[in-house]
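Peer 1: quick one, fold the following:
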Amino acid sequence: SKMLPVDFVLIRGLARESRHWGDFISSLEKQDYCRSVTCIDLPGFGEFNQISSPLSIEAIADFAYSQIKKNQSERKVLVSVSLGAMVSAELLSRHDHLFMKAFLMNTSFSNLSPFYHRMQLQSLQHFLGAAKAGQDAEKREAEIVKMISNSPDKLDKISKEWARVFKDKPFSLFNVFRKLLAASRYKIKKEPPKTPIVVLRSLGDRMVNPSCSEEFSQFWNLKLLSHPWAGHDLCIDDESWVLDCIRRELTEIKN
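Peer 2: Residues are numbered from 1 along each chain as shown. Down below sits the predicted model:
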């Protein structure tokens with residue numbers, strides 16, 4: 001039986017916005033299972049870069065919900081990564097029938113994993129490098145790409161693109177710290193949401209320890225799919241693997 005196409009909602013991580021999904025959006029739009037793709041920007045970033053980022057994941061989730069509910073589709077599927085997946089966990093906990101299915105990539109929660117797994121020491125050199133880059137957007141974004149991707153061949157192209165994104169819609173370090181604070185305090189609910197959730201993780205993630213996704217999937221008893229070598233940003237490193245996972249999981253949904 002052929003699956004009816006669905007409407008995707010995408011949420012990115014810490015200091016990221018819609019355009020940081022890059023080629024993944026157009027690749028997703030080309031899939032026969034996709035009817036539309038909507039990206040949600042969070043306060044302080046992208047189209048909302050003038051707003052202060054709230055100090056709790058709950059408040060960020062409220063904001064995301066106000067954007068998502070404009071999409072009236074009954075067949076929405078959520079795809080999110082990192083801090084965006086934390087916001088997604090809260091959204092799914094609060095709103096039972098908002099999504100048919102959700103895919104949460106490389107995320108972590110303060111009540112499940114120790115802080116040194118949530119932000120691994122080996123990624124701190126890039127974090128500091130990004131902070132030291134000051135006004136040099138391309139240098140800073142290159143440090144970020146090095147931290148979240150294991151595909152050095154893509155570094156140059158992506159850091160140039162992301163530097164252009166930053167110049168167009170700059171974000172403040174103030175908002176990055178506010179969002180980090182929100183993430184560091186957020187505790188996931190005991191009770192799993194009703195929406196079926198699939199956890200995707202990268203075993204080559206140097207930013208968030210892959211054990212965080214395992215702890216999360218065990219806590220809510222979720223399906224866990226592991227990529228053997230990709231970095232924190234799975235969609236940069238192996239988008240076709242992500243698209244195949246989504247395809248396999250969606251064919252299990254009865255129309």
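
Peer 1: ok, P192 to F103 distance?
Peer 2: Using CB to CB, to the nearest Å, we find P192 at a distance of 15 Å from F103. Just so you know, the C-beta spots here come from the backbone N, C-alpha and C atoms, and that holds for glycine as well.

Peer 1: you'd agree A183 is up against S82?
Peer 2: No. If you go by CB atoms under 8 Å, A183 and S82 don't touch, sitting 9.0 Å apart.

Peer 1: now do the shared contacts for the two.
Peer 2: Residues touching both A183 and S82 (CB atoms under 8 Å, 6 or more residues apart in numbering): L14.

Peer 1: and the helices in this protein?
Peer 2: Counting by DSSP state H, the chain has helices at residues 23-29, 57-68, 83-94, 115-118, 121-132, 137-148, 155-168, 173-185, 211-220, 234-237, 239-250.

Peer 1: would you reformat these as CSV and include mean pLDDT, distance to S36 and mean neighbour count?
Peer 2: Shown next, in CSV, are the helices of the chain (pLDDT from 0 to 100; distance: least, CB to CB, whole Å; neighbours: other CB atoms under 10 Å):
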stretch, mean pLDDT, distance to S36, mean neighbour count
helix 23-29, 98, 8, 16
helix 57-68, 98, 13, 19
helix 83-94, 98, 18, 24
helix 115-118, 86, 33, 13
helix 121-132, 82, 33, 14
helix 137-148, 94, 26, 21
helix 155-168, 97, 22, 16
helix 173-185, 93, 27, 16
helix 211-220, 97, 28, 19
helix 234-237, 97, 18, 24
helix 239-250, 97, 14, 17
